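Colleague: Next input, structure requested:
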Amino acid sequence: MLPLGFASGLPLLLSKGTLESWLANSEIDTATIGLFALVALPYTLKFLWAPLMDRYVPGSYLGNKLGRRRSWMLVTQLLLMALILLMAQLNPVNDIEKLAVIALLIAWCSASQDIAFDAYRADLLREQERGMGVAASIGGYRIAMLAAGAGALVMSDQLGWRYTLMILAGLQGVGVLSTLTAPVIEHPALKPQKLKDAFKEPVVDILGRRGVLWILLLIFTYKLGDAFAGALTNTFLLKQDGGLGFSNTEVGLISKTVGLASILFGMTAGGLLIQRWGLYRSLLIFGLLQAGTNLGFCLLAYVGKDPWVMGGTIALENFAGGMGTAAFVSLLIGLCNPRFSATQFAIFTAIMALSPIVVGPTTGFLQEAVGWQMFFLVSAGAAIPGLVLLLILGKDLDQAVRKTGSMGEGDTAPI
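Modeller: Below is the predicted model:
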């Protein structure tokens, strides 16, 4: 899970922050750089073609050798290596249109790799393995983002962008080797027999479950407090007028060291505790901790510009967030029917991604109206709906997820 997570996270920033930095270094105008944000759309829309990856296998030879999930992973990883190498040959000043096309293709292949990997992880991990498996895969994902983000910026200063991109293409080979040597799924579920079934049946399967509304609301609300606070955390820390006025270096160093270490430790601790406590209890306790750590920003707003308090607050927030993420992704995996886990996981993550989209535009107005301390207090309160939904569902959630995780063809989860 660790190297496959690394391969999944590596290309993400090549269509986001790292690409933006390359364009900025090349003196591309700000308006054009802003338009390049559109190349990341495939990550939001991946649920649209996920059914095709549930229904089809990219070649009978690969399908027989690797299975449905690993076949798609291998194809997308090889395409990513080729596309990143092709990107390395371009000059943003002279080849801006070609660069936009290549960046879009990288984002599409990267999102497709995510679809296949998420489905493989959901199909492979047994119930008792989910917590640590999720922690390992997200840990690899975070390490890859550090390599493709801060690591790429450092390398570009020393080697230039062309050789930096070539190195990143080589690192994508970690995914190829891991895919070829990864375990075979012991009892692969039958894929949908018709194309229309691949699009229709995953949705029908979700909507046919008892209590589906509560589950979908839980997916939307569980990380709502994090979405509230995360929308303006950097603004709070960096803004000179009205914020704390920390420097980019201070925030960057703490986020990349203390923050990264804390979230990795949090996910590992979360994975271990899920095995001991079960999913329901873990979701409830980790959700309470996530809400509580938002109150640390209230304290920071009261204390003012203190790097020690800032570091402690970020460490605790990332630690609790890591535990919550391990439990939450384990929940999403357990809710997937193995016949179409690619499509259902993409649908669930799309619902999860709605919360920052919905609350983000309102956060600035709220903060200006109530101030920073009250804003972070509200962000802690935003976690309450998810916790209430957990209490409504009760410990039946554990049994529902276990039943879903062992489903055969045509079964549904009695949530």
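Colleague: Tell me the helices and strands packed up against the helix or strand residue 133 falls within.
Modeller: In this structure, residue 133 is located in helix 130-146 according to DSSP states H and E. Helix 130-146 is packed against helix 2-9, helix 96-124, helix 260-277, helix 307-334, with contacts defined by 3 or more Cβ pairs under 8 Å, 6 or more residues apart in numbering; DSSP states H and E. Backbone N, C-alpha and C define where each C-beta goes, glycine included.
Colleague: Make CSV out of the ones you listed and add mean pLDDT, distance to residue 289 and mean neighbour count.
Modeller: Output for these, formatted as CSV (pLDDT from 0 to 100; distance: least, Cβ to Cβ, whole Å; neighbours: other Cβ atoms under 10 Å):
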stretch, mean pLDDT, distance to residue 289, mean neighbour count
helix 2-9, 94, 23, 23
helix 96-124, 93, 24, 22
helix 260-277, 89, 9, 20
helix 307-334, 90, 4, 23
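Colleague: could I get those as JSON lines with distance to residue 219?
Modeller: Listed next are the helices and strands packed on helix 130-146 as JSON lines, based on distance: least, Cβ to Cβ, whole Å:
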{"stretch": "helix 2-9", "distance to residue 219": "21"}
{"stretch": "helix 96-124", "distance to residue 219": "14"}
{"stretch": "helix 260-277", "distance to residue 219": "17"}
{"stretch": "helix 307-334", "distance to residue 219": "7"}
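Colleague: Now the helix holding residue 133: buried residues?
Modeller: 130-145 (16 or more other Cβ atoms under 10 Å).
Colleague: nearest residue to residue 252 other than its sequence neighbours?
Modeller: The spatial neighbour of residue 252 that comes closest, neighbours along the chain excluded (Cβ to Cβ, 6 or more residues apart in numbering), is residue 150 at 7.8 Å.
Colleague: er, residue 74 actually
Modeller: Here the nearest residue to residue 74 in space, its sequence neighbours aside, is residue 179; by Cβ to Cβ, 6+ apart that works out to 4.9 Å.
Colleague: From residue 349, how far out is the residue most central in space within the chain?
Modeller: Centroid check for the chain by Cα atoms, centre = their mean gives residue 138 as the closest residue, at 7.7 Å. With distances taken as Cβ to Cβ, to the nearest Å, residue 138 is found 13 Å from residue 349.
Colleague: Could you chop this structure up by domain?
Modeller: With automatic domain parsing as the criterion, the domains of the chain are listed as 2-183, 199-405.
Colleague: Nearest to residue 193 among those would be which one?
Modeller: Between residue 193 and the domains of the chain, the shortest gap by Cβ to Cβ is with domain 2-183, which sits at 8.4 Å.
Colleague: Need the distance between the two termini of the closest one.
Modeller: 13 Å (Cα to Cα, to the nearest Å).
Colleague: just stretch 40-56 next, same as before
Modeller: 25 Å.
Colleague: hang on, the earlier thing: lowest mean pLDDT across the domains of the chain, which one is that?
Modeller: In terms of mean pLDDT, the lowest-scoring of those is domain 199-405 (a mean of 86).
Colleague: From the chain's centroid, how far away is that domain?
Modeller: Distance of domain 199-405 from its chain centroid, counting by Cα atoms, centre = their mean, to the nearest Å, is 12 Å.
Colleague: Stretch 35-46 too?
Modeller: With Cα atoms, centre = their mean as the basis, the mean position of stretch 35-46 lies at 15 Å from the chain mean.
Colleague: Can you list the buried residues in that stretch?
Modeller: Of the residues in stretch 35-46, those buried under the neighbour-count criterion (16+ other Cβ under 10 Å) are 36, 39-40, 42-43, 46.
Colleague: Now do the same contact list for the closest residue to residue 221 other than its chain neighbours.
Modeller: In space, residue 221 comes closest to residue 386 once its chain neighbours are excluded; the distance is 3.9 Å by Cβ to Cβ, 6+ apart. With contact taken as Cβ atoms under 8 Å, 6 or more residues apart in numbering, residue 386 is in contact with 218, 221-225, 287.
Colleague: JSON lines for those, including distance to residue 300?
Modeller: What follows is these, written out as JSON lines (distance: Cβ to Cβ, whole Å):
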{"residue": "218", "distance to residue 300": "29"}
{"residue": "221", "distance to residue 300": "25"}
{"residue": "222", "distance to residue 300": "24"}
{"residue": "223", "distance to residue 300": "21"}
{"residue": "224", "distance to residue 300": "21"}
{"residue": "225", "distance to residue 300": "16"}
{"residue": "287", "distance to residue 300": "22"}
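Colleague: The residues you listed: which two are farthest apart?
Modeller: The span of these, defined through Cβ to Cβ, is set by 218 and 225 at 13.5 Å.
Colleague: ok, the two, which is more surrounded?
Modeller: Neighbours per residue, other Cβ atoms under 10 Å: of residue 218 and residue 225, the larger number sits with residue 225, 30 against 23.
Colleague: Secondary structure element holding the more buried one?
Modeller: In the assignment (DSSP H and E), residue 225 maps to helix 224-238.
Colleague: Quick one: list the elements packing against that helix.
Modeller: Here helix 224-238 is seen to pack against helix 248-254, helix 279-303, helix 307-334, helix 341-370, helix 372-381, helix 384-393 when contacts are counted using 3+ Cβ pairs under 8 Å, 6+ apart.
Colleague: Of those helices, which stretch is the most buried?
Modeller: For the helices and strands packed on helix 224-238, the stretch with the most neighbours on average is helix 307-334, a mean of 23; neighbours defined as mean count of other Cβ atoms under 10 Å.
Colleague: what angle do it and helix 260-277 make?
Modeller: Angle between the axes of helix 307-334 and helix 260-277 is 40 degrees (criterion: axes from the mean of the first three to the mean of the last three Cα atoms, to 10 degrees).
Colleague: list the helices and strands helix 307-334 packs on?
Modeller: helix 130-146, helix 224-238, helix 248-254, helix 260-277, helix 279-303, helix 341-370, helix 396-405.
Colleague: Please convert these to a markdown table, extending it with distance to residue 76.
Modeller: Compiled in a markdown table, those are given as follows (distance: least, Cβ to Cβ, whole Å):
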| stretch | distance to residue 76 |
| --- | --- |
| helix 130-146 | 15 |
| helix 224-238 | 29 |
| helix 248-254 | 31 |
| helix 260-277 | 24 |
| helix 279-303 | 30 |
| helix 341-370 | 12 |
| helix 396-405 | 25 |
